[in-house]
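**Q** Quick one, fold the following:
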Amino acid sequence: MDLVDLGRRGLVLLGCGKMGSALLEGWLGRGLALNSVWVTDPQPSDWLKGLAARGLHLNQPLPAAPAVVLVAVKPQIMADALPTLAGFGNGTTLFLTVAAGTPIAFYERTLGEQTPVIRAMPNTPAAVGRGITAITGNASASEEQMALAERLLSAVGQVVRLEGEHQMDAVTAVSGSGPAYVFHMIEALAAAGEAEGLSPELAMTLARGTVTGAGELAYRAGESAAQLRINVTSPGGTTAAALAVLMEPETGLAPLLRRAVKAAADRGRELAQ
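**A** Now for the predicted structure:
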């Protein structure tokens, strides 16, 4: 199913905040017609209101059997919002959810066990088309629907498939929460530059440019991250001196990140209970 076929049956967004808006913008850029989209959102943005003036269906009655419902509401209102779509359950409508912390079993209990459900974990770089999203589906989600989910989510970046939902907490801890770790690294690197005598403004400019530039290089290069690190490290030089601290087996960056990722994954498991 391509976006034209999808448009014939309609696509519904339950919630359209930052992630829903990023996805919608990507789909519209790929040719999805405005009049094939229905958005249900109690506090629509001015951008959505502008799209509604041009044909998007905003807070209007939904089509009889949409091809896809994208669930993008906040977890705290999920229990109230999802039951309003129970009429689409146990049918041909695919429920594609980017809502954090809500397991597939909840959708099956609310919508019916035969409802096709695909759970996705995108991350915030989706806002600039550079996200990475992991997906997993239930037994009712067909290969065609999994492929459709990949095409839809690729509008905001890379998409990978999981072995199963049991991996979702680890994905959340690595890539879902991961941008915050990188942002904090920028903060810490800038603070370290200040401690060595740079002005706060210059230190932040250098730290931000270094992290984003290194990330782009890692994205484009065919070499592994380990090889890229080796490439920039001269024996006995300044980088080697810093890496001796960062790669210390007990107190370095790797064991710190292991603890951080484990804490995030453990919290994800707690929230899913």
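**Q** what's the burial count for residue 137?
**A** 23 (other C-beta atoms under 10 Å). (C-beta placed from N, C-alpha, C; glycine too.)
**Q** partner residues bridging it?
**A** Per DSSP bridges, the residues bridged to residue 137 are residue 118.
**Q** who's in contact with it?
**A** 116, 117, 118, 119, 145, 146, 149 (C-beta atoms under 8 Å, 6 or more residues apart in numbering).
**Q** and it, how far is that from residue 193?
**A** Between residue 137 and residue 193 the distance is 46 Å, computed by C-beta to C-beta, to the nearest Å.
**Q** Give me the average confidence score over the host helix or strand of residue 186.
**A** Using DSSP states H and E, residue 186 falls within helix 178-195. The average of the pLDDT scores along helix 178-195 is 98.
**Q** in the helix or strand following that helix, what counts as buried?
**A** Moving toward the C-terminus from helix 178-195, the next helix or strand (DSSP H and E) is helix 200-220. Neighbour counts over helix 200-220 (16 or more other C-beta atoms under 10 Å) mark 203, 204, 207, 211 as buried.
**Q** One more: stretch 226-238?
**A** residue 229.
**Q** any idea how far it is from the chain center?
**A** 32 Å (C-alpha atoms, centre = their mean, to the nearest Å).
**Q** measure it end to end?
**A** 18 Å (C-alpha to C-alpha, to the nearest Å).
**Q** related to what we said a few turns ago, residue 76: which of the buried residues of helix 200-220 is nearest?
**A** Distance to residue 76, by C-beta to C-beta, is smallest for residue 211 among those, at 32.1 Å.
**Q** distance of the closest one from residue 147?
**A** 34 Å.
**Q** Quick check: residue 171 is in a strand.
**A** No: with DSSP: H, G, I helix; E, B strand; the rest coil as the criterion, residue 171 is assigned helix and is not in a strand.
**Q** what sits against the closest residue to it other than its chain neighbours?
**A** Spatially, and ignoring its direct neighbours in sequence, residue 171 is nearest to residue 134 (4.4 Å; C-beta to C-beta, 6 or more residues apart in numbering). Residues near residue 134 by C-beta under 8 Å, 6+ apart: 120, 121, 159, 160, 161, 162, 167, 168, 171, 175.
**Q** Specify the local secondary structure of residue 134.
**A** Assignment for residue 134 (three-state DSSP): strand.
**Q** Against residue 267, how distant is it?
**A** For residue 134, the distance to residue 267 - C-beta to C-beta - is 18 Å.
**Q** Residue 118 too?
**A** Taking C-beta to C-beta, one finds residue 118 at 23 Å from residue 267.
**Q** who's more crowded, these two?
**A** Neighbours were counted for residue 118 and for residue 267 using other C-beta under 10 Å; residue 118 has more, 26 against 15.
**Q** Let me see the contact set for that one.
**A** By C-beta under 8 Å, 6+ apart, the neighbours of residue 118 are 94, 95, 96, 97, 135, 136, 137, 138, 141, 145, 146, 149.
**Q** can the residues you listed go into TSV with extra columns for distance to residue 36 and pLDDT?
**A** Listed next are these as TSV, based on distance: C-beta to C-beta, whole Å; pLDDT from 0 to 100:
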residue	distance to residue 36	pLDDT
94	15	97
95	18	98
96	16	98
97	20	97
135	22	98
136	27	98
137	23	98
138	25	98
141	22	97
145	18	95
146	21	97
149	17	96
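**Q** just curious, which of these is nearest to residue 255?
**A** Closest to residue 255 out of those is residue 136 (29.0 Å), distances taken as C-beta to C-beta.
**Q** Pull the number of nearby residues for the closest one.
**A** Neighbour tally, residue 136, other C-beta under 10 Å: 22.
**Q** Name the nearest residue to it, ignoring sequence neighbours.
**A** In space, and not counting its chain neighbours, residue 136 is closest to residue 162: 4.3 Å by C-beta to C-beta, 6+ apart.
**Q** just residue 89 next, same as before
**A** residue 111 (3.2 Å).
**Q** Need the pLDDT of that neighbour.
**A** 97.
**Q** and the residue nearest to residue 136, what is it in contact with?
**A** Applying C-beta under 8 Å, 6+ apart to residue 162 gives the contacts 134, 135, 136, 168, 171.
**Q** again, but for residue 149
**A** 94, 96, 118, 120, 135, 137, 141, 159.
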